[in-house]
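Peer 1: Below are the sequence and a predicted model; questions follow.
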Amino acid sequence: MKKIMGFKDKFAYSFFNFEAYSEFLAQGLRKSILYVFLVTLLFSVITNVKEINMIASEISVVQNDLSNNAPNFEFKNGVLSVDSDETIYNKHEGDFLFYLISSFIGNINTVNSLDSDAISIQDNLENDSSTFSIDDSMLSVSTDQSNYYTFIIDTKGKTDKNILNSYKDAVFLDSNNIYLRKDYRTVGTINFSDFSSININNENSGYYLSIIKILTPIVFFVVNPINSFITNLILGFLIFGPFAVSIGSFMGVKLKYSRACTLSFYAMSLPLLLEALIHVAGIIMPEFFLIFSIITLIYCSLAIREIKNSDKSELNFMK
């Protein structure tokens, strides 16, 4: 099969036309790296559009809460002060802010078992008559949700970080620190003193959140594709390439390492497509890497078999 193939042809043929893999080999390793870069970029754009929209929506909700529902507050000289005599409990849905706080935490202490005093969020709220949310209504939280957590704010010293023991996912803020709890197991701390040069209050908080909203697409459309591309290169060079060499040897085809990597990059097309579709659908599959690997190696095997059958007189691809 001798023809000039563009990206669209390669993408289509990589799924079903194993005769084309001989041509993929002929075009060399550099073009296969370019191919996997373009595929990664394409799928990253598809998946990241959803993420960006969700984050923008979440930030807008926070901006609205801070403008209309939150009491007056000020963060200055590394100290947080909130104009409220009571502890504030606010349920927040979404993952971005939780992830943002987590990213600032340097040292994470992992607890090996659940705390013995852990109780449900609903029980905690029912037993504490002094708590109220920012919108002055009692919280109603269904514990079967997976993308909510609770902000607890107390700068008057009426409670402390130990209140996190009653929550699965929560963030506690006092005058000097942020404490993070996730899945009953991880607790991290951010010291406000590390950010003493920042000054935030009700009036300018919307400005800072708007900056985050603007920077988010840059991160998702530039940084994330690069990270994904590097990950795919590592998989091809360190895992699938060596496996393809072994598979070829078993099938009687001597593959040079660089050619095995070339095959593996094209063989990753279907797994990368499935990964993107699963992400867009919001399906969580912890074992997907195993599925990803199996499909890639199956495609490598089918391509090697086709190469062997198409030219039995030249089975040495070490050149």
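Peer 2: Arrived safely, thanks for sending.
Peer 1: what stretches of the stretch 151-300 of the chain score poorly on pLDDT?
Peer 2: By pLDDT under 70, the low-scoring segments of the stretch 151-300 of the chain are 185-187.
Peer 1: Which parts of it are helices?
Peer 2: Assigned helices in the stretch 151-300 of the chain, in chain order: 202-218, 224-234, 241-250, 257-267, 269-281, 288-310 (criterion: DSSP state H, counting those that start in this stretch).
Peer 1: Quick check: buried residues in the shortest one?
Peer 2: By that I understand helix 241-250. 241, 243, 244, 245, 247, 248 (16 or more other C-beta atoms under 10 Å). Yep, even glycine has a C-beta here, placed from its N, CA and C like the rest.
Peer 1: One more: the longest one?
Peer 2: Of all the residues in helix 288-310, those buried under the rule 16+ other C-beta under 10 Å are 292-293, 295-297, 299-301, 303-308.
Peer 1: hmm, back to that, now render the helices of the stretch 151-300 of the chain as TSV, adding distance to residue 191.
Peer 2: Below are the helices of the stretch 151-300 of the chain laid out as TSV (distance: least, C-beta to C-beta, whole Å):
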stretch	distance to residue 191
helix 202-218	19
helix 224-234	28
helix 241-250	45
helix 257-267	45
helix 269-281	35
helix 288-310	36
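Peer 1: Quick one: closest of the ones you listed to residue 89.
Peer 2: Nearest of the helices of the stretch 151-300 of the chain to residue 89, taken as C-beta to C-beta: helix 202-218 at 19.1 Å.
Peer 1: so how far is whichever strand or helix holds residue 55 from its chain's centroid?
Peer 2: Here residue 55 sits within helix 29-68, counting by DSSP states H and E. The chain centre lies 10 Å from the centre of helix 29-68; the measure is C-alpha atoms, centre = their mean, to the nearest Å.
Peer 1: cool, stretch 159-178 as well?
Peer 2: For stretch 159-178 - counting by C-alpha atoms, centre = their mean - the centre lies 25 Å from the chain centre.
Peer 1: now stretch 168-186
Peer 2: On C-alpha atoms, centre = their mean, the centre of stretch 168-186 falls 20 Å from that of its chain.
Peer 1: check contacts around the closest residue to residue 220 other than its chain neighbours.
Peer 2: In this structure, residue 220 finds its nearest non-sequential neighbour in residue 48, 4.1 Å apart by C-beta to C-beta, 6 or more residues apart in numbering. Going by C-beta atoms under 8 Å, 6 or more residues apart in numbering, residue 48 touches 220, 221, 224, 225.
Peer 1: Mind putting those into TSV with distance to residue 181 and neighbour count?
Peer 2: Formatted as TSV, these follow (distance: C-beta to C-beta, whole Å; neighbours: other C-beta atoms under 10 Å):
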residue	distance to residue 181	neighbour count
220	27	19
221	32	15
224	27	16
225	32	19
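Peer 1: Among those, which one lies nearest to residue 33?
Peer 2: residue 225 (14.3 Å).
Peer 1: surely the closest one meets residue 38?
Peer 2: No: contact criterion C-beta atoms under 8 Å: residue 225 and residue 38 do not qualify, at 10.3 Å.
Peer 1: Give me the distance between the closest residue to residue 190 other than its chain neighbours and residue 78.
Peer 2: In space, not counting the residues next to it along the chain, residue 190 is nearest to residue 178; the distance is 4.2 Å by C-beta to C-beta, 6+ apart. The spacing between residue 178 and residue 78, counted by C-beta to C-beta, to the nearest Å, is 12 Å.
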